[in-house]
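Colleague: Let me see the structure of the following:
(chains A, B, C and D)
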2 protein chains.
Amino acid sequence: MSRTTPDPRPTLTLRDVSEASGVSEMTVSRVLRNRGDVSAPTREKVLEAARTLGYVPNKIAGALASQRVNLVGVVIPSLSNMVFPEVMTGISSVLDGTGLQPVVGVTNYLPDREETVIYEMLSWRPSGMIIAGLEHTDAARAMLARAGIPIVEIMDIDGTPINHAVGISHRRAGRQMAEAIIAAGYRKIAFLGTQMPNDFRAKKRLEGFEEALSKAGLSLVDREYYSGGSALLKGREMTAAVLSRNPEVDFLYYSNDMIGAGGLLYCLAQGLDVPGRIGLAGFNGVELLDGLPRKLATMDACRLEIGKKAAEIIAGKATPGEKEELFPTLQRGDTIRG
Amino acid sequence: MSRTTPDPRPTLTLRDVSEASGVSEMTVSRVLRNRGDVSAPTREKVLEAARTLGYVPNKIAGALASQRVNLVGVVIPSLSNMVFPEVMTGISSVLDGTGLQPVVGVTNYLPDREETVIYEMLSWRPSGMIIAGLEHTDAARAMLARAGIPIVEIMDIDGTPINHAVGISHRRAGRQMAEAIIAAGYRKIAFLGTQMPNDFRAKKRLEGFEEALSKAGLSLVDREYYSGGSALLKGREMTAAVLSRNPEVDFLYYSNDMIGAGGLLYCLAQGLDVPGRIGLAGFNGVELLDGLPRKLATMDACRLEIGKKAAEIIAGKATPGEKEELFPTLQRGDTIRG
DNA sequence: CCGGCAGCTGTTAGCGGTAACACTAGCAGA
DNA sequence: TCTGCTAGTGTTACCGCTAACAGCTGCCGG
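Modeller: Sure thing, here's the model as predicted:
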């Protein structure tokens, strides 16, 4: 079998359908797009012909002629994160009704890669762009700004949006968590996170966290970073490392739920008193947590809601301000005492 | 702030760059695509002009004129599955070098939705299509068959591909797992899975599983299905339900690792002797398992490899047969005795 | 009986690029 | 000197579709 099916005939065009149904190409175009008045019998003839020929319209030509593209670019750092799939769900749920279609690009947290992805996407002249984060290369910002389409930056609002931003304040989220932890009486607090220089949101959370600590006269007792591998396993390992280095630590703040879950499993396996002897907290509010033996404290990131709001802005279903702030709720779970 | 940035000037075209740099549009086009001979000084002038103007080429026009589109359609049932993101990673890793770009469409396991997604994608005239599964509507199959581009169906090879298939035999995988379980001496076996009439691969695994059971004179003692919610939690709940209904059950076969992990956590929490009193197994080999207190038996689905092979076929880097079978390895972990 | 208009269909001229070819200058070799 | 070639550049004709407008019919009211 050959690699590509050898075309029996050159690809079908409107002309083929028009000849098969005995009307002009324009009329076929009208029927296929449900636009303009076409008599019922003509419509039937055309649809019949298109169906039997197996005609699939060429959107490239259509888009060029009409100067309209029903695509929305979505640029996110990663798919394996559990968090972006949910954002996508929110986006799709809104876009589904509108004839707009999301197109996903993944950057792996690399700014240059992001720039390339944005460039590629813009070259298809989408109707709008949804991009995770507020930090981009200068070139990327410039391209976006002059694209003449609505740009929505999501997840974060601590910064200056190009056009619109929909998200939460990670700095505030970090601060809130720290305050809750301090209020619960924990004092020897360690941070465990991802080694990702370009995960600006995690960085902002940590900043807010430390800010609140220092306001209370505290500072982090220890910090541990990882990269790659099974997050759950890394959570275990990092937790073991921190606890052996600093047995007096009484709270573990994780940069995401997955490593937090690993840490929780480790602590429970060690027979540590959670949350009495030691407390834990993560971030994101992933549904995985529901299945754990004990509920990890976390803060949901409003992922679904962010996706929906962003899509509504693109679809013109919302009249947005420059920043749309959402407010995550602290879920104390069973791993913060009090 | 208005919704769309008001265009200060109509979008830039080749003509603008050509005028700014004093050469013909054709020459600009050549420079921007690195094609044909252009003198170094001219090239510089053009690049300079393009850069300062902030020109982004219009791929729609380019694709129409050249009849070439650097897009590869990827159609998958779900993103929240942990398994497809890894397939995507495999695809991207190969495509990255080739100038080809994946475009993802999600079907949510709905055949009609799949048909729509395929239609939409084909209307952009991609260079190839990668589609999960071998089961499609007749219309979808017909469209794909006459698209005149390479079509690679992935994940599964139990069936008849349109063009090429890359995957594993889920029927065989189910059979192998059953054989291993029986050989280990388990006899009262229950199945726990997703309630998804259109997850044909899970269905095939179960078929193979039951086939091997009946060959050994056994049959499933119980079965339990779920849909929606946190898979980990559902795994717990289903396991509890099965064990309370049939306390004599000595093996739990899960249709995926996530619910298997939930079940494992439940069994351990109940103080059950795993794998002595009761064994467990899942499917997929997700890396999450590495972080569990005990390693769940599973079978990896060769996801990365499948993505790579499929992409190689599309990119013309492999000369494939009709079916490329990969062979998953059984990982016994710590939840099958012996 | 005519103007006006709605309903339907066709014609024309692009959309913004690129393939294919045409052209020019400069230079090597006969 | 002339041919032949190459490197560099421009010209032309589309790619497949749609916006905009131009008919054509039949029917209405005045």
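Colleague: okay, CA-based contacts and neighbour counts for the rest of this
Modeller: Noted.
Colleague: For the most centrally placed residue in chain A, which residues are in contact?
Modeller: The centroid of chain A falls nearest to A:F84 when counting by Cα atoms, centre = their mean (3.4 Å). Contacts of A:F84 were listed using Cα atoms under 8 Å, 6 or more residues apart in numbering or on different chains, and they are A:I76, A:S78, A:R303.
Colleague: what's the distance between it and DNA strand D?
Modeller: Here the criterion is Cα to the nearest atom of the strand, to the nearest Å. By it, A:F84 lies 33 Å from DNA strand D.
Colleague: Tell me where the stretch 1-150 of chain A has strands.
Modeller: Along the stretch 1-150 of chain A, counting by DSSP state E, counting those that start in this stretch, strands occupy A:71-76, A:101-106, A:128-132.
Colleague: sorry, that was for the stretch 201-338 of chain A
Modeller: A:222-226, A:251-254, A:279-281, A:298-299, A:323-325, A:330-331.
Colleague: Tell me the strands beside the first one, with direction?
Modeller: Just to be clear, that refers to strand A:222-226. Strand pairing for strand A:222-226, determined by DSSP bridges: strand A:189-194 (parallel).
Colleague: next one: the last one
Modeller: Strands that pair with strand A:330-331, judged by DSSP bridges, come out as strand A:298-299 (antiparallel).
Colleague: What separation is there between whichever residue of chain A sits closest to DNA strand C and B:A61?
Modeller: Proximity of chain A to DNA strand C (Cα to the nearest atom of the strand) peaks at A:A65, 3.0 Å away. Per Cα to Cα, to the nearest Å, A:A65 is found 9 Å from B:A61.
Colleague: Format the contacts of A:F84 as TSV; extra columns: distance to B:S230.
Modeller: What follows is the contacts of A:F84, written out as TSV (distance: Cα to Cα, whole Å):
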residue	distance to B:S230
A:I76	23
A:S78	21
A:R303	16
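Colleague: Can you lay out these as a markdown table showing neighbour count, distance to DNA strand C and pLDDT?
Modeller: Formatted as a markdown table, the contacts of A:F84 follow (neighbours: other Cα atoms under 10 Å in any protein chain shown; distance: Cα to the nearest atom of the strand, whole Å; pLDDT from 0 to 100):
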| residue | neighbour count | distance to DNA strand C | pLDDT |
| --- | --- | --- | --- |
| A:I76 | 23 | 26 | 96 |
| A:S78 | 17 | 30 | 90 |
| A:R303 | 26 | 36 | 96 |
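Colleague: Near DNA strand C, which residues of the stretch 1-150 of chain A are found?
Modeller: Within the stretch 1-150 of chain A, the positions lying close to DNA strand C (Cα under 7 Å from any atom of the strand) are A:22-27, A:36-43, A:61, A:64-67.
Colleague: Now list the buried members of those.
Modeller: Buried subset of these (neighbour count, 16 or more other Cα atoms under 10 Å in any protein chain shown): A:E25, A:T27, A:T42, A:R43, A:A61, A:L64.
Colleague: Can you list which of those are found in helices?
Modeller: Mapping these onto helices (DSSP state H) picks out A:E25, A:T27, A:T42, A:R43, A:A61, A:L64.
Colleague: Tell me which residues touch the second one, please.
Modeller: Counting by Cα under 8 Å, 6+ apart, A:T27 makes contact with A:S18, A:V38.
Colleague: Kindly report the same for the fifth one.
Modeller: Contact analysis of A:A61 by Cα under 8 Å, 6+ apart lists B:I60, B:A61, B:L64.
Colleague: and the closest residue to A:E287 other than its chain neighbours, what is it in contact with?
Modeller: Nearest residue to A:E287 in three dimensions, chain neighbours excluded: B:S230, at 5.4 Å (Cα to Cα, 6 or more residues apart in numbering or on different chains). Going by Cα under 8 Å, 6+ apart, B:S230 touches A:E287, A:L288, A:D290, A:G291.
Colleague: Which of the residues you listed has the largest number of neighbours?
Modeller: A:G291 (23 neighbours; other Cα atoms under 10 Å in any protein chain shown).
Colleague: Distance check, that one against B:P111.
Modeller: 30 Å.
Colleague: low pLDDT regions in the stretch 1-150 of chain A?
Modeller: Across the stretch 1-150 of chain A, the ranges flagged by pLDDT under 70 are A:1-10.
Colleague: so A:S21 makes contact with A:V46?
Modeller: Yes. With contacts counted by Cα atoms under 8 Å, A:S21 reaches A:V46, the gap being 5.5 Å.
Colleague: Look at those two and report which has more neighbours.
Modeller: Neighbours of A:S21 and A:V46, each counted by other Cα under 10 Å, are more numerous for A:V46; the result is 25 against 20.
Colleague: At the contact with DNA strand D, which residues of the stretch 201-338 of chain A appear?
Modeller: Residues of the stretch 201-338 of chain A lying near DNA strand D (Cα under 7 Å from any atom of the strand): none found.
Colleague: Give me the neighbour count for the residue in the stretch 201-338 of chain A that DNA strand D sits nearest to.
Modeller: Of all residues in the stretch 201-338 of chain A, A:A315 sits closest to DNA strand D, at 18.0 Å by Cα to the nearest atom of the strand. Neighbours of A:A315 under the rule other Cα under 10 Å: 19.
Colleague: Repeat that for A:V31.
Modeller: A:V31, neighbours per other Cα under 10 Å, totals 21.
Colleague: gap between the nearest residue to it once chain neighbours are set aside and B:G279?
Modeller: Spatial nearest neighbour of A:V31, excluding adjacent residues (Cα to Cα, 6+ apart): A:R43 at 5.9 Å. A:R43 sits 62 Å away from B:G279, going by Cα to Cα.
Colleague: Please, where are all the helices along the stretch 1-150 of chain A?
Modeller: Remark: helices assigned in the stretch 1-150 of chain A by DSSP state H, counting those that start in this stretch are A:14-21, A:25-33, A:40-53, A:59-66, A:83-95, A:111-122, A:138-145.
Colleague: which one of the ones you listed is the most hemmed in?
Modeller: helix A:83-95 (a mean of 21; mean count of other Cα atoms under 10 Å in any protein chain shown).
Colleague: Would you mind writing the CA trace of that one as CSV?
Modeller: C-alpha atoms of helix A:83-95 as CSV (Å, rounded to 0.1, in the frame of the first residue of the first chain):
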residue,chain,number,x,y,z
VAL,A,83,-4.9,22.1,34.9
PHE,A,84,-4.9,23.2,31.3
PRO,A,85,-7.2,20.4,30.1
GLU,A,86,-9.8,21.8,32.4
VAL,A,87,-9.3,25.3,31.0
MET,A,88,-9.8,23.8,27.6
THR,A,89,-13.0,22.3,28.7
GLY,A,90,-14.3,25.7,29.8
ILE,A,91,-13.2,27.2,26.5
SER,A,92,-14.8,24.5,24.4
SER,A,93,-18.0,24.6,26.3
VAL,A,94,-18.5,28.3,25.4
LEU,A,95,-17.1,28.2,21.9
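Colleague: Can you check what angle separates it from strand A:128-132?
Modeller: Counting by axes from the mean of the first three to the mean of the last three Cα atoms, to 10 degrees, helix A:83-95 lies at 160 degrees to strand A:128-132.
Colleague: In the stretch 201-338 of chain A, where is pLDDT below threshold?
Modeller: For the stretch 201-338 of chain A, no stretch has pLDDT under 70.
Colleague: Which stretches in it count as helices?
Modeller: A:231-245, A:257-269, A:303-314.
Colleague: Which elements pack onto the first one?
Modeller: Helices and strands in packing contact with helix A:231-245 are listed as strand A:189-194, strand A:222-226, helix A:257-269; criterion 3 or more Cα pairs under 8 Å, 6 or more residues apart in numbering or on different chains; DSSP states H and E.
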